[in-house]
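1. Sequence first, then the predicted structure, then my questions.
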Amino acid sequence: MNYFNRFISATIILSIFLSYSCTFDSEEEFFKNYYCDTTNITYNDLTYIFTDICAVCHSQTITYRDGILTDTYESTKLSIKTGLVIPSIKHTGPYPMPYQQPKLSDCDITKIEAWINARFPIDTNKTSMIKDFNTHKQDYNINTNK
Ligand code: HEC
């Protein structure tokens with residue numbers, strides 16, 4: 001067998017192997033990791049964005065924009081109601097957010113929109129923690145020494 005034939009047979013064997021291995025994973029299995037679950041989103045599911053990312057610059061102690069605060073449930077809701085948050089995170093407004101950081105993932109943005117469409121639900125089991133945010137910062141894994 002010359003090199004060319006060896007190459008051809010190797011290619012054929014490889015393609016057969018690949019087409020087999022693809023059928024092992026079902027499509028559902030394959031997309032599972034990429035599926036963005038937007039069902040029953042509550043405020044609690046989004047604090048890793050609002051509290052951990054945005055509130056670094058938009059909180060009661062510091063905000064770079066009057067009326068935009070994302071450190072509590074109520075302030076986040078009011079900020080969104082200004083109509084400025086969605087354009088900023090979708091990068092369709094004048095100020096792309098988070099400021100000078102990579103855009104949120106499409107899934108994160110979809111989750112926020114789903115939450116808004118569902119009229120800002122909050123997990124009632126954790127309501128007290130959120131209402132009492134300042135005395136429960138440790139529950140959110142936030143560095144209170146900041
Ligand atoms: C590193 C700091 C920083 C972070 C993080 C940050 N912002 Fe901002 N944000 C700013 C600054 C600075 C401005 C003011 C821009 C100006 O007025 O010149 C601003 C302005 C805004 C505005 C007003 C936009 C407008 O059209 O007037 C909104 C809404 C906003 N931020 C939302 C967010 C959201 C939501 C997040 C999290 C996804 C976020 N920001 C993260 C610094 C930040």
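-> Cool, the structure landed.
2. Any part of stretch 107-116 near the ligand?
-> No - for stretch 107-116 and the ligand, the contact criterion (CB under 6 Å from any ligand atom) is not met; the two come no nearer than 8.4 Å. All C-beta spots, glycine's among them, are computed from the backbone N, C-alpha and C.
3. what's the average pLDDT for that stretch?
-> Rounded to a whole number, the mean pLDDT of stretch 107-116 is 97.
4. Neighbours of Thr42, how many?
-> As a burial measure, Thr42 scores 17 neighbours (other CB atoms under 10 Å).
5. And the pLDDT at the closest residue in space to it that isn't next to it in sequence?
-> Excluding the flanking residues, the one nearest Thr42 by CB to CB, 6 or more residues apart in numbering is Asp123, at 4.5 Å. Reading off the confidence values, Asp123 has pLDDT 88.
6. Could you pull up the residues touching Asp123?
-> For Asp123, the contact set (CB atoms under 8 Å, 6 or more residues apart in numbering) comprises Thr42, Tyr43, Asn44.
7. gap between Lys81 and the ligand?
-> 11 Å (CB to the nearest ligand atom, to the nearest Å).
8. Also Gly83?
-> As defined by CB to the nearest ligand atom, Gly83 lies at a distance of 9 Å from the ligand.
9. Same question for Pro96.
-> With CB to the nearest ligand atom as the criterion, Pro96 and the ligand are 9 Å apart.
10. Pull out the buried positions in stretch 111-124.
-> Lys111, Ile112, Ala114, Trp115, Phe120, Ile122 (16 or more other CB atoms under 10 Å).
11. Just the residues contacting stretch 65-77, thanks.
-> Under the contact criterion CB under 8 Å, 6+ apart, stretch 65-77 has outside partners 43, 50-51, 54-55, 58-60, 63, 78-79, 82, 84-85, 95, 120, 122, 130-131, 133.
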